[in-house]
Structure formats: structure tokens, C-alpha cells
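In: quick one, what's the 3D model for this:
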Amino acid sequence: MRIEALDTGRLTGFLAEYVNQPDQCSDLFSYRWKTNGWEQERSEDLAKRSFSHRQALCRLLEARHAPLRKREACMDNIHKLKQENALVVVAGQQAGLMTGPLYTAYKAMSVILLAKQYEETLNQPVVPLFWIAGEDHDLDEVRYVHYLKGDTWKKLMFGDEPNGEAASTKVLPKKELDAFLAKLFASLPETSYTNTLKAIVRQAAATASTYTEFFKLLMHELFYREGLLFLDSNDPELRAIERPFFKQLIRKVDALQECQAAGEARFVEKGYPSPIATEKQNAHLFYTLDGKRRRLDYEAGRFYVREAGRQFTKDELLAEVDSHPQRFSNNVVTRPLMQEWLLPTLAFVAGPGELAYWATLKDVFALFDYKLTPIIPRLSATFVPCRVEKHLRERKEAAETYIFGEGEKLKEAWLASQHSYPVAQRAQAAAEAIEAAHLPFRELAGEISPTLEKMGEKNRAFIQGQIAFLKERMEREIREQHQVGLSKYDEAMTWLRPKDAPQERILHSFILLNTAGIDIFSRLLEKNPPHTGAHLVFYV
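Out: Residues are numbered from 1 along each chain as shown. Predicted structure coming up:
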């Protein structure tokens with residue numbers, strides 16, 4: 001097993017500027033993540049703040065991790081977090097089935113790596129923590145995985161329809177889940193790891209009652225050795241802890257709307273597309289009504305529950321927070337603020353999309369007298385199965401070429417090198433010769449009759465079509481003669497650039513686990529992969 005880091009010049013979009021030209025966008029942030037000493041500066045800033053709810057939060061974490069098997073490292077980290085100078089490195093994600101796309105696991109790897117690194121740098125406790133977006137109600141984004149059928153990646157849908165409920169409260173239908181898991185494992189090749197994975201997943205499915213619980217149990221199996229902590233953002237007991245800051249968000253909603261719009265406008269002025277693009281009346285909070293999570297709007301001094309006909313004054317909504325804090329949840333604008341209030345966050349690990357919308361929030365943070373949390377790009381990676389690596393070695397080709405969508409060019413260049421038949425040139429020459437010979441014949445037909453002129457055009461098209469037909473058959477025959485070699489190129493593209501998209505966005509974690517073992521992420525962490533923003537290649 002080895003790890004290769006690719007050139008950051010391959011990065012695109014705002015992430016490329018953040019990694020390669022950080023000075024160009026430094027005005028959008030409070031800390032410069034590539035400058036020596038930012039960790040110490042951030043630690044000193046956090047030391048000036050009070051986290052009076054720290055012990056209550058730790059008691060909640062203890063209660064939520066106590067039922068987990070192999071929880072010792074988690075409990076050690078919770079004990080560490082109780083110390084007044086302890087900090088956290090944070091990432092988060094929706095509760096995807098089978099832990100979701102691979103980038104979810106790479107986020108978890110990121111916070112573990114960075115927490116260890118920063119603890120050594122600062123000589124103070126730093127704990128890795130993973131938010132589970134349990135309040136998210138858009139289950140269409142998480143209720144499927146991809147599986148390989150032949151050489152094509154297909155979607156396998158979980159037969160449970162969204163109904164507006166949050167992931168942490170929506171009950172997993174066990175019959176449908178069993179059927180989904182049976183199809184999933186049937187799609188995986190049998191390896192020495194498959195039975196172990198089946199047992200782990202079946203146990204989690206039997207234990208979990210919601211999407212969030214299922215996600216947490218599986219993620220814990222992947223990262224229990226490192227003591228990764230999990231926090232459900234929709235936990236009712238957490239809501240009670242968060243009550244004071246929900247009140248601040250409600251009281252300052254007018255200024256919050258203005259600051260959010262100004263921050264987004266500044267980002268767009270730099271030439272980037274709008275990452276949030278919401279209406280000005282959005283209050284950046286959700287309110288659960290009749291079991292469904294609904295957006296709160298604020299306009300002309302009143303809050304409105306979107307599409308529900310309910311409205312509140314500020315005082316009425318503040319009273320609701322006192323009585324029913326569990327009815328409230330954050331959106332992409334206020335979730336970072338709540339995190340900043342709740343956790344002593346040394347750094348937040350972000351994907352490219354998250355990085356873009358966080359870049360609009362500096363003014364929003366300043367409204368609450370906060371600096372914008374330091375943001376570190378998550379690990380981005382592609383794993384290369386052994387059989388694909390063998391093909392790359394045989395052809396002396398780089399995985400990078402496939403990863404960035406240039407595999408088809410390699411394949412066609414290889415095929416061209418395998419024969420000397422000038423099919424395209426001869427076909428073009430034949431078509432041109434036939435056109436030259438046919439033109440006077442066709443013109444003569446037109447002189448005789450308009451009907452014959454049309455017939456001449458059809459005759460020309462038919463003859464040229466036969467040339468094209470023969471050309472296509474000749475090319476097909478050549479491809480069939482070299483099908484074994486071509487299939488290796490197709491396999492490499494299938495794995496390294498599935499559906500012409502980054503592998504980490506299409507494949508779920510259990511495809512890698514079935515290939516390399518349940519402890520693959522721990523073994524990769526032991527290699528201490530570089531965390532510079534570069535795309536990594538894992539040869540497993």
C-alpha cells in the first residue's frame with residue numbers, strides 16, 4: 001500500500017485559489033491556514049472565550065457513546081475534551097446510507113489526522129469530532145448508493161420515501177433495509193472481507209432505528225480505533241444546550257440577513273458563482289411543525305413558517321425556544337455559527353462546496369463578535385485497486401490521467417498504436433472521390449427533371465452512407481481484435497473516473513472496505529498522508 005500526492009495545479013474552482021493563491025482571497029477569512037503560527041493565534045483567541053456549557057456537552061457525548069462497542073478510545077477523547085484548554089477539529093456530513101460517498105470517510109480521516117498534528121504543535125489537547133447532520137430532511141440525497149453492473153455504475157435506491165422528517169427521527173423500515181442490504185452485498189464480489197462486513201452491517205441494521213443511528217454505528221466501526229467522536233446536530237438534549245444561541249440568532253435576524261447577503265455579494269464580485277443563492281427573507285433557521293422540518297422566513301418584523309400559514313413575533317419565537325428548543329434547527333448559514341458558539345473549534349474541515357459558502361460568512365461571524373473559523377480543505381483521494389494498478393504499470397501510465405478524465409484519450413492512442421490500417425483516411429478519400437464523380441451525374445439528373453434532382457440527392461446520401469457504414473464496420477472489427485487490451489482501459493476508467501466524476505463522489509466506503517478490509521482507513525492514517533490540499537492516490 002502506498003500514497004501518492006498529485007500536483008495542486010490540477011485543482012479547479014475556488015478551492016484552487018484557496019490552496020494555490022491564498023493571498024488572493026485572504027480578505028474573506030480571519031486566519032491564513034498556510035501561514036505558520038495560525039494554530040497558536042486561534043488557540044489564544046479561543047482561550048479568551050467562555051464555553052460554560054462544555055461539561056454539559058461532554059456529559060451528552062458520554063451518554064451517546066456509552067452504548068457503542070469498542071468505545072474506549074472515544075471515552076478517552078471525551079475525558080480529554082473536559083479539560084478547559086481542550087480544542088476540537090470538526091467536520092460534518094449528512095447521514096448517508098453505508099456511510100455515504102467515500103469523501104465522508106475522507107472527512108473523518110482529515111479531522112483525525114489534523115487533531116493529532118495540532119495537538120503536537122500546540123502541546124494541548126485536541127479532539128477529532130464529526131457532526132452528523134441529523135436535522136437534514138432531504139432523504140433523496142442519502143437514500144441510494146452506486147453499485148457496479150458489468151462496467152457501468154448504477155444507482156441502488158433504498159425503498160423508503162421521504163416525508164419531510166429529519167434523518168435522526170425518521171424510522172428505518174427494517175424489511176426494506178434488509179432487502180436493500182441483500183441487493184447491495186449481492187452486487188459486491190466475494191472477498192476474504194465480505195462476510196465480516198456483512199456481519200457488521202447486519203448488526204448495525206438490527207440495532208439502529210433511524211438513518212442517523214445506522215450511519216453512526218457504521219462510521220464508528222471504521223474509526224473506533226482513533227476515538228472519533230460523533231455529535232447528532234438534531235439531538236434533543238443538544239438543542240437544550242443550544243437554546244441561548246438560538247435566541248441570539250432570532251434577536252439579530254435583521255442584521256443576519258443583511259450580513260449574509262453582503263458576504264455573498266462580495267464573493268460573487270470576485271468572479272465566483274453564488275454558493276447559497278437564497279431569498280432575502282430567509283431567516284436561516286428551520287422550525288419543525290407537524291413532524292416536518294420547515295423553513296422560517298422573516299419579513300416586516302414577523303417570522304413565517306414557510307408553506308404552513310404560521311407566523312410569530314420575535315418575542316413569541318423566543319418563547320418557543322424556551323419551551324421547545326428541539327423544534328429549531330440551523331441551515332447552512334447558521335450551522336457554522338452554532339458550531340462556533342458550541343465547540344472550541346480549532347479548525348473546520350471543509351469540502352469544496354462547503355469552503356465556498358463559508359467564504360461568504362466572515363461578516364455574519366463578526367455580527368456575533370466571532371472570527372471566522374479556520375478552514376482546512378478535506379482530504380480528497382482516489383483509490384486504485386490492484387488489478388488497475390497492474391494495468392497502469394504494464395502500460396507505463398499515470399493514475400492521474402484517468403482521475404482527471406483523460407483515460408479515453410489514452411485508450412484511443414493505444415488502439416491506434418496497435419495497427420496500421422488507415423481506415424479514416426481511406427474512407428475520407430473514398431467519400432471525396434465519390435462526391436467528385438457523383439456531382440456531374442447529379443447535376444445532369446437535375447437538368448432532366450426536378451424529381452430526378454431529389455432522387456440524385458438521395459442516391460448520393462445512400463452511397464456516402466454505405467461508405468460510412470463500411471468504415472464503422474472496419475473500425476468495429478479492429479476494436480474487437482483488440483478487445484482484451486481495450487477492456488483494461490475501460491476497467492481503469494470505470495474505477496478511477498466512474499460516471500465521468502470524481503471517484504470519491506460516486507463510490508461508497510464499503511466498496512473500498514470489501515477490497516482492502518474493514519481497517520483500511522486506520523492503515524491509511526498510519527501512513528500519515530499529506531494534508532496540503534493536493535489530491536491523493538491510494539494504491540491498495
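In: which residue packs closest to residue 329, ignoring adjacent ones?
Out: By the measure of C-beta to C-beta, 6 or more residues apart in numbering, the closest residue to residue 329 outside its immediate chain neighbours is residue 135, 3.8 Å from it. For glycine as for every other residue, the C-beta is placed from the backbone atoms N, C-alpha and C.
In: secondary structure element for residue 447?
Out: Element membership for residue 447, per DSSP states H and E: helix 423-448.
In: same question but for residue 456, I mixed them up
Out: helix 450-481.
In: packing partners for whichever helix or strand residue 214 is part of?
Out: Take DSSP H and E as the rule and residue 214 turns out to sit in helix 211-223. Packing partners of helix 211-223 (3 or more C-beta pairs under 8 Å, 6 or more residues apart in numbering; DSSP states H and E): helix 102-122, strand 126-132, helix 194-207, strand 229-232, helix 520-526.
In: quick check: residue 252 vs residue 259, distance?
Out: According to C-beta to C-beta, to the nearest Å, residue 252 stands 9 Å off from residue 259.
In: I meant to write residue 143 there.
Out: 35 Å.
In: same question for residue 416.
Out: Computed as C-beta to C-beta, the residue 416 to residue 259 distance reads 57 Å.
In: just the helices in the stretch 1-150 of the chain please.
Out: For the stretch 1-150 of the chain, helices defined by DSSP state H, counting those that start in this stretch occupy the ranges 13-20, 38-47, 54-65, 72-81, 102-122.
In: which of these sits most buried?
Out: Ranked by average neighbour count under the criterion mean count of other C-beta atoms under 10 Å, those are headed by helix 102-122 at a mean of 22.
In: tell me the angle of it relative to helix 72-81?
Out: 50 degrees (axes from the mean of the first three to the mean of the last three C-alpha atoms, to 10 degrees).
In: and for residue 252 and residue 259, which residues touch both?
Out: Listed as contacting both residue 252 and residue 259 by C-beta atoms under 8 Å, 6 or more residues apart in numbering are residue 367.
In: ok, residue 164 - contacts?
Out: 137, 291, 292, 293, 294.
In: okay, how far is it across stretch 280-294, tip to tip?
Out: Chord length of stretch 280-294, first to last residue, is 17 Å (C-alpha to C-alpha, to the nearest Å).
In: buried sites along that stretch?
Out: Under the neighbour-count criterion of 16 or more other C-beta atoms under 10 Å, stretch 280-294 has 282, 283, 284, 285, 286, 287, 288, 289, 292, 293, 294 buried.
In: what's the spacing between that stretch and its chain's center?
Out: 24 Å (C-alpha atoms, centre = their mean, to the nearest Å).
In: let me know the average pLDDT across that stretch.
Out: Stretch 280-294 shows a mean pLDDT of 93.
In: residue 350 and residue 380 touch, don't they?
Out: No: between residue 350 and residue 380 there is no contact under C-beta atoms under 8 Å: 11.3 Å.
In: between the two, which is the more surrounded one?
Out: Ranked by neighbour count (other C-beta atoms under 10 Å), residue 350 and residue 380 place residue 350 first, with 25 against 22.
In: which residue packs closest to that one, ignoring adjacent ones?
Out: Nearest non-adjacent residue to residue 350, counting by C-beta to C-beta, 6+ apart: residue 375, 5.1 Å away.
In: can you tell me how far residue 509 sits from residue 241?
Out: Counting by C-beta to C-beta, the gap from residue 509 to residue 241 is 30 Å.
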